[in-house]
Each structure stands twice: as C-alpha cells, then as structure tokens.
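Participant: need coordinates for the following:
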Amino acid sequence: MTINHADPNSHGGSGRATAGALIPVPRDALSDLDGPGGLRRFLSFRPRLSLRMLRNGAVLLVLLATLNWTVGALMVHRIDNDLTFSPPAHLTGGSRAVSMAAALIDREVNENAWTPNDPWFAPSTFLDNMPSYQTGVMRAVARFSFELLDGIARTRGSSSNDPDLERAAGFLQFPPDFWIFNFEKSLLPMVPSEDQYRSGLNFLTRYNQRLANGNAIFERRADAFGRTIQQVSLDLGAQTAAIERTRQGGWWIFNTSADDVFYQNKGMLYAYYMILSELGHDFEHLIRERGLTLVWTRALQNLERATQLRPTVVLNGNSDRSIFANHLMLQGFYLKRAILQLEEAVSVLAV
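Facilitator: Below you'll find the predicted structure:
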C-alpha cells in the first residue's frame, strides 16, 4: 500500500501535508484487520454464532418435545376403572346414583385431567385409549342425567322438568373434543368441553342437595325405575352394533379403530356399572319386593367383567379362522349378557 507524505521542500515549506494528501495509517493496524484473525474472522463471527445458537435451540426443542410426548404422556395416561371408587360422602336423603355420577365427572375432569380435546402440543397428543375411555364415561353419565330428568325426577311424567337437572343434562350433552379454539366452528375463543362438564356437575350437585332437603323429586316407582333401566339397555345395545362394524374391518389381527371402540365401550360400561350399582341401593326395596335381586346381581356382574378386560394390545382376530383373540367380541359377549338380564328386569317391573 503506497503512503504519500508531505515534502518539507515543497511549495509553502510549512512541513504540513498538502490538501488532499492521505493520512498515514500504522502498519500494525492494517495487519490486525487483514491477518488470519483479522477482518474476515470478525465479519464471520456473528453468522457462526447465530447458526450455532439455532442448531442448539433446535436440538433442545426436539428433546423437550420428545420428553413431552413420551414421559409426559406416561404421566398423564390413566384408565381409571377402580371398582372401589366412591363419592366422598353420600347425602342423607339424596340419591346415591346421582352422587356417583357427580363423582365420576369430578374425577375425570378435575383429578385425571380431561384429554379428548387436548391440543397438539399437550402430552396426551398421541394418546387414544384414555381419551376414548373418558368419552365413554361421560357418555354414560350424560345419558343417565337425561333419563333422570325425563323419568325419575318427574311425577308420572306430568310435572315440569327440574330446572337444575335440565341445565345439567344440557351441559353434559356437550361434545367431548372442543378446546378453547375450534376454527371449524368459530374464529373466536369458546368454552371448552371440560368447563361445560364442570357446569353440569354443579347443577347435578345442586339437584341432589335440594333432594336431600326435600325440595326435589326422585320417584321410586317401578315404572320410573324400569324406564331408566330400559334406556340404559338400549344405549348398551347400540354399542353392540358398533362392535360388529369394527370387527369386520381392519387387516389381519389389527384394526386402527378397534382399540378406540374397545376403550370407549370400557369407559361407558364402567360408568354404567358404577351408577347402576348405586341406583340399586336407591331402589333396594323395590328390587327385593319384585324378586329381582338375583337378576340385578348378575347384570352387574357381567358389566363388571366387561370393565375389567385389560389386553396389552386390542386384537381383532377373525373369530372363524384366526388363532388370535378378538377382544371386541369378548367385550361384546359380556355386554350382551348384561343387556339380556337388564331386559329381564324391565319385563318384571312392567308387570
């Protein structure tokens, strides 16, 4: 690099640099900018740092997502079919069946966490058995609340609907898979399914408290009891058709929807077993009076056996030619036996 210096013998003889002359630059400064550790390295420092940060950030995100959807999912997952489960306390003068229905809602929504509507980033994203099971539990509770409103909580069908039960039944009929946002329905935030069920729980509890205080109706007539059992039987019968449709599909011993149907049935059967067990206490005098003790006990036993099937993998083997199990058919066997015994109880109550 050429450096021009002022000539002390030039015109003016002042010894200062002439106009337009270049200012001297120390050679050491130039070497600092041009060597291996100089300008090029300085200019490349920030891009290299940014790429390293992005790479480390991506690795961290993948690790967190893996832990969330594996360890987190295992921590969340729970098929709660505890036969010894009971409400914290039964209200004296209230309905034991209503107390059980309320306790099941509280357990699945508040204690176990509601999973059927979880968004993609939740630990339960890749779970399907627990959401199916909880959907089945809530379906049974919702059906019972509707039959309670339409039959037992009315005086021979002529009285008006109980206001608390009417609200409870409405909230409990809400679809199970609505999250805060559902852009298929609305661009605005909405009330998620679990909050709807909490509202239904509050109104169901209010009804039972009023019943305990003598301010609500709970008819212990044979026709009201028989109608409720019949509707439960019909609801269970609808599931046998779902089992048959699913059994005929799939490839070899596997079916992508077999475990969903199996666990939804399992949840529904468990909830019906728990509610009907308590309903039997509510109508204990009537069951004994009509000689239904044996039939009622056998119906509950078959529901119980269906709820306690615990296959590691739900198989869908061909019932005619396969050596592999078909867990849906086994579940359906106990389901149909329970239906027959419930129908027998309905026939006796109708006499």
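Participant: contacts and neighbour counts: CA atoms only from here.
Facilitator: Noted.
Participant: and the gap between Arg198 and Leu303?
Facilitator: 27 Å (CA to CA, to the nearest Å).
Participant: neighbour count for the two, which is higher?
Facilitator: Higher neighbour count among Arg198 and Leu303: Leu303, with 26 against 19, using other CA atoms under 10 Å.
Participant: which SS state does that one fall under?
Facilitator: Following DSSP: H, G, I helix; E, B strand; the rest coil, Leu303 is assigned to helix.
Participant: got any ranges where the stretch 51-200 of the chain has weak pLDDT?
Facilitator: Applying pLDDT under 70 to the stretch 51-200 of the chain flags residues 68-69, 73, 124, 157-158, 186.
Participant: how about a cut-off of 50?
Facilitator: The stretch 51-200 of the chain contains no residues with pLDDT under 50.
Participant: which stretches of the stretch 251-351 of the chain form helices?
Facilitator: Taking DSSP state H, counting those that start in this stretch as the test, the helices found in the stretch 251-351 of the chain are 258-282, 284-289, 293-307, 327-350.
Participant: got the CA positions of the last one in PDB?
Facilitator: Translated: helix 327-350. Extracted in PDB, the C-alpha atoms of helix 327-350 (Å, rounded to 0.1, in the frame of the first residue of the first chain):
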ATOM      1  CA  HIS A 327     -61.100 -58.600  22.300                       C
ATOM      2  CA  LEU A 328     -64.100 -56.700  21.000                       C
ATOM      3  CA  MET A 329     -66.100 -59.900  20.700                       C
ATOM      4  CA  LEU A 330     -65.200 -60.900  24.200                       C
ATOM      5  CA  GLN A 331     -66.300 -57.500  25.400                       C
ATOM      6  CA  GLY A 332     -69.500 -57.900  23.400                       C
ATOM      7  CA  PHE A 333     -70.200 -61.300  25.000                       C
ATOM      8  CA  TYR A 334     -70.400 -59.800  28.500                       C
ATOM      9  CA  LEU A 335     -72.200 -56.700  27.100                       C
ATOM     10  CA  LYS A 336     -75.000 -58.800  25.600                       C
ATOM     11  CA  ARG A 337     -75.400 -60.900  28.700                       C
ATOM     12  CA  ALA A 338     -75.800 -57.800  30.800                       C
ATOM     13  CA  ILE A 339     -78.400 -56.400  28.300                       C
ATOM     14  CA  LEU A 340     -80.400 -59.700  28.500                       C
ATOM     15  CA  GLN A 341     -80.500 -59.500  32.300                       C
ATOM     16  CA  LEU A 342     -81.500 -55.800  32.300                       C
ATOM     17  CA  GLU A 343     -84.300 -56.500  29.800                       C
ATOM     18  CA  GLU A 344     -85.500 -59.300  32.100                       C
ATOM     19  CA  ALA A 345     -85.600 -56.900  35.000                       C
ATOM     20  CA  VAL A 346     -87.600 -54.400  32.800                       C
ATOM     21  CA  SER A 347     -90.100 -57.200  32.000                       C
ATOM     22  CA  VAL A 348     -90.600 -58.000  35.700                       C
ATOM     23  CA  LEU A 349     -91.000 -54.300  36.600                       C
ATOM     24  CA  ALA A 350     -93.600 -53.800  33.900                       C
END
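Participant: which strands and helices sit next to it?
Facilitator: Helix 327-350 sits against helix 222-247, helix 258-282, helix 293-307, with contacts defined as 3 or more CA pairs under 8 Å, 6 or more residues apart in numbering; DSSP states H and E.
Participant: one more time with 7 Å, if that's ok
Facilitator: Helices and strands touching helix 327-350, by 3 or more CA pairs under 7 Å, 6 or more residues apart in numbering; DSSP states H and E, are helix 222-247, helix 293-307.
Participant: quick one: average confidence on the first one?
Facilitator: The reference is to helix 222-247. The average of the pLDDT scores along helix 222-247 is 90.
Participant: next one: the residue most central in space within the chain relative to Lys266, how far apart?
Facilitator: The residue lying closest to the centre of the chain (CA atoms, centre = their mean) is Thr115, at 2.2 Å. Remark: distance between Thr115 and Lys266 (CA to CA) = 16 Å.
Participant: do the same with Asp223
Facilitator: From Asp223 to Lys266 the distance is 28 Å (CA to CA).
Participant: more neighbours, these two?
Facilitator: Between Asp223 and Lys266, counted using other CA under 10 Å, the more crowded position is Lys266 (28 against 17).
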